[in-house]
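K.L.:
This is a predicted model, with the sequence first.
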Amino acid sequence: MIRLHDLHFSYKKKQVFNGLYLDFSPGHIYGLLGKNGAGKSTLLRIIAGLLYPQNGKITVDTNIPVQRLPSFLQDVFLLPEEFHLPDMPIRKFLKHHAPFYSRFSHEQFEKYCADFDVPQGSTLQGMSYGQKKKVMIAFALATNARYVLMDEPSNGLDIMSKSRFRKVLAEALDEERCMIISTHQVKDLENLIDRITIIDEGKILFDKDIEEISKKLSFHVSFDESETREAFYVEPSLRGNAMVSRNESGEESKLDLELLYKAIMVNGDMIKDVFNPLNQLHESGI
Ligand SMILES: Nc1ncnc2c1ncn2[C@@H]1O[C@H](COP(=O)(O)OP(=O)(O)OP(=O)(O)O)[C@@H](O)[C@H]1O
């Protein structure tokens, strides 16, 4: 488990986290969301041990990231948004980098590359940004690192590759692994993540399981004025008003991540109330 306890972090003049508490558990794919500059990349770099928090505690299982022990490094893989790959054939790249990961699987790497239509004999030099990204996603998963952190992984992927990306990640998840994906492309995470974590102004704004969200909130389109008035967030569309509201009927609707994100940014406190256990007891008359 990744555990952040009262984390404080500032760049020279810029404070990013001021007492952040957050856990990431194995067996889940987390969607890490937040506005530009909220600190998503910074958080991933802190977890990977590349940035040092000024205060607070962070543990990844029994490891402390800043120590960057070999046992830690082979279990945490960070795929940054921007990366540089050396000009060499994939085969040579694997020869140099795979040995750092004791559970690296060449079979899995080949399979993921095939899923992404990346020819095995290719050289990195002649590849487009999107093709390089696919090689890095394949590499990240083939390391079998327990914690895979990805910063905007779907940027640069074409439409077909984005759906393969979701498929490949879902297949690669098991109860031992934890994946954290930071992105603005929330549509790319649909049907993939099972928990959504939103950071804002150095704190956790929202952190809930998709299953719980689907039970408590309703996502639907309607022209009904009274429904619109009750909704937490409304967006006009040709088919009616797309809205997020309290799930009164108990029937689960298809979660719209983009709408949910906007609703939380606009009306976060009211939405948080829906998840407050005290309110639920009150509503059920207890
Ligand atoms: N090397 C740095 N030196 C100083 N300030 C930095 C540095 N890197 C980031 N920051 C600042 O820290 C804050 C958090 O940046 P970060 O890149 O973590 O945000 P982000 O949520 O990933 O943003 P985006 O969605 O735009 O990628 C921002 O205000 C940014 O300006």
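P.N.:
Nice, thanks for sending it over.

K.L.:
Which parts of the stretch 51-200 of the chain are strands?
P.N.:
Assignment of strands within the stretch 51-200 of the chain using DSSP state E, counting those that start in this stretch yields the ranges 55-60, 76-79, 147-151, 178-182, 195-200.

K.L.:
how about the ones you listed in a markdown table, adding mean neighbour count and mean pLDDT?
P.N.:
From N, CA and C alone the C-beta is placed, and that goes for glycine too. Shown next, in a markdown table, are the strands of the stretch 51-200 of the chain (neighbours: other CB atoms under 10 Å; pLDDT from 0 to 100):
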| stretch | mean neighbour count | mean pLDDT |
| --- | --- | --- |
| strand 55-60 | 16 | 95 |
| strand 76-79 | 21 | 97 |
| strand 147-151 | 24 | 98 |
| strand 178-182 | 24 | 97 |
| strand 195-200 | 21 | 95 |
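
K.L.:
Residue ranges of each domain in this protein, please.
P.N.:
Taking automatic domain parsing as the criterion, the chain consists of the domains 2-201, 210-283.

K.L.:
from the ones you listed, which stretch is densest packed?
P.N.:
Of the domains of the chain, the one with the most neighbours on average (mean count of other CB atoms under 10 Å) is domain 2-201, at a mean of 17.

K.L.:
Out of the domains of the chain, which is closest to the ligand?
P.N.:
Each of the domains of the chain has some distance to the ligand by CB to the nearest ligand atom; the shortest is domain 2-201, at 3.3 Å.

K.L.:
Just confirm yes or no for the closest one near the ligand.
P.N.:
Yes. Domain 2-201 is in contact with the ligand by CB under 6 Å from any ligand atom, via 11, 14, 16, 34, 36-42.

K.L.:
Among these, name the ones in helices.
P.N.:
40-42 (DSSP state H).

K.L.:
Between the residues you listed, which sits nearest R177?
P.N.:
Using CB to CB, K40 is the member of these that sits closest to R177, with 20.1 Å.

K.L.:
need the contact list for the closest one.
P.N.:
32-34, 151, 182, 199 (CB atoms under 8 Å, 6 or more residues apart in numbering).

K.L.:
Give me the nearest residue to it, chain neighbours excluded.
P.N.:
S182 (4.0 Å; CB to CB, 6 or more residues apart in numbering).
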